[in-house]
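J.: build me a model:
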Amino acid sequence: MPTDSTSSIMQVVDIRQYVDTLSMPMLQPSGVGMEGDPLPYRLTDDSTIILIEVLCMTFFLLAYSQSWRMWSRMMKAFFHSEGPGRITTTPDTLAEQHFQWVGVAGTITTVATLLYFAAHDMHLLPTVDAPSHIYLFTFIGGATLYFCVKVCMYVAVNWIFFESKKNEQWLKLWLFLTTIEGILSYPLLLIYPNIGISPQILVISLLGIVFFIKILTFYKSYIIFFKRSGIILHIILYFCALEMTPLTVCYGLLVYYGNNLTIIF
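T.: Below is the predicted model:
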């Protein structure tokens with residue numbers, strides 16, 4: 001019978017030191033288990049998407065905080081055309097001019113991310129094992145390229161055919177409308193990953209916003225450049241050529257880049 005002194009002492013014995021792990025491999029410790037299926041990619045779990053949402057909001061807030069006076073003047077005078085032969089340009093501060101481009105950067109990132117959402121969920125991306133972020137940044141890069149080509153073509157054509165004051169007025173207005181396009185599209189960037197609307201509704205909503213902005217741009221281009229000439233064919237050719245050419249160039253480059261991704265991965 002154990003005494004009180006021996007029962008009060010508990011000795012922990014590791015049974016593994018008495019077991020031959022070679023003869024009993026099932027007791028041999030191992031850090032390797034059965035590999036399971038990876039979780040499917042979801043937009044709500046992607047921290048990069050959350051970062052882009054915060055970044056776009058920051059862009060729009062910065063643009064508004066520095067350019068709201070200029071935006072207010074533009075909105076008040078948007079549907080009021082100047083007298084014949086007289087173009088008035090209200091002087092803007094340097095901060096207002098610079099931060100308009102910040103709003104444009106927010107629009108580019110917002111629209112490109114929405115197009116990535118639609119392409120991803122409608123299975124339009126190349127079927128290769130490339131990281132999802134490569135496609136996302138490809139869309140953002142393609143949208144940036146499209147905007148750069150477009151603004152260069154507009155500035156070059158307007159500089160050749162129109163007066164400098166009209167060009168300055170139109171450029172400010174175009175940057176303003178581009179920023180408004182991004183602000184109107186931003187709620188879709190918040191709603192789509194979190195609420196889960198269908199990609200078809202996303203595309204229709206985005207196309208509606210883009211079409212609305214294009215109509216306003218077409219109207220102001222006619223008022224600024226072609227109202228005195230009265231030839232509607234000129235504005236149609238001007239607008240369509242400068243809208244479709246950059247889009248065609250960027251589409252060809254994106255197709256070429258997608259083919260290269262298929263080869264690499």
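J.: mind listing residues that contact stretch 60-80?
T.: Stretch 60-80 is contacted by residues 90, 92, 95-96, 98-100, 102-103, 106, 172-173, 176, 179, 182-183, 186, 216, 220 when judged by C-beta atoms under 8 Å, 6 or more residues apart in numbering. Glycine gets a C-beta too; all of them are placed from N, C-alpha and C.
J.: what do you get for stretch 166-177?
T.: With C-beta under 8 Å, 6+ apart as the test, stretch 166-177 has contacts from 70-71, 74, 87, 89, 92, 97, 100-101, 103-104, 154-155, 158-159, 213, 216-217, 220-221, 224-225.
J.: please tell me how far A119 sits from Q66.
T.: Applying C-beta to C-beta, to the nearest Å, one obtains 33 Å for the distance of A119 from Q66.
J.: ok, V203 to K76 distance?
T.: From V203 across to K76, the span is 33 Å (C-beta to C-beta).
J.: ok, those two, which is more surrounded?
T.: Summary of the neighbour comparison: V203 and K76, criterion other C-beta atoms under 10 Å, with V203 having more neighbours (16 against 9).
J.: ok, now which ones touch that one?
T.: With C-beta under 8 Å, 6+ apart, V203 has these contacts: A118.
J.: that one and S47: what is the separation?
T.: Here the distance between V203 and S47 works out to 25 Å (C-beta to C-beta).
J.: give me the mean pLDDT for whichever strand or helix holds T48.
T.: Secondary structure assigned from DSSP states H and E places T48 in helix 47-76. pLDDT averaged over helix 47-76 equals 89, rounded to a whole number.
J.: and the closest residue to D121 other than its chain neighbours, backbone torsions?
T.: Closest residue to D121 apart from its sequence neighbours, by C-beta to C-beta, 6 or more residues apart in numbering: P199 at 4.3 Å. Per-residue torsions, P199: phi -60, psi -30 (degrees, to the nearest 10).
J.: pLDDT at P199, what is it?
T.: Model confidence at P199, given as pLDDT, is 89.
J.: okay, now it: neighbour count?
T.: Under the criterion other C-beta under 10 Å, the count of neighbours that P199 has is 17.
J.: wait, isn't it in contact with M122?
T.: Yes. With contact defined as C-beta atoms under 8 Å, P199 reaches M122; the gap is 4.9 Å.
J.: in the chain, what secondary structure element scores lowest on mean pLDDT?
T.: Sorted by mean pLDDT, DSSP states H and E, the helices and strands of the chain end with helix 4-7, the least confident at a mean of 50.
J.: rewinding a little: just the contacts of stretch 166-177: which are in helices?
T.: Within the contacts of stretch 166-177, residues falling in helices by DSSP state H are 70-71, 74, 97, 100-101, 103-104, 154-155, 158-159, 213, 216-217, 220-221.
J.: in PyMOL, select just the buried ones from those residues.
T.: In PyMOL, the members of these classed as buried (16 or more other C-beta atoms under 10 Å) are selected with the following command:
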select buried, resi 70+71+74+100+103+104+154+158+213+216+217+220+221
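J.: so the nearest residue to K220 once chain neighbours are set aside is in which element?
T.: The shortest distance from K220 to any non-neighbouring residue, by C-beta to C-beta, 6+ apart, is to L173 (5.5 Å). Using DSSP H and E, L173 falls within helix 164-195.
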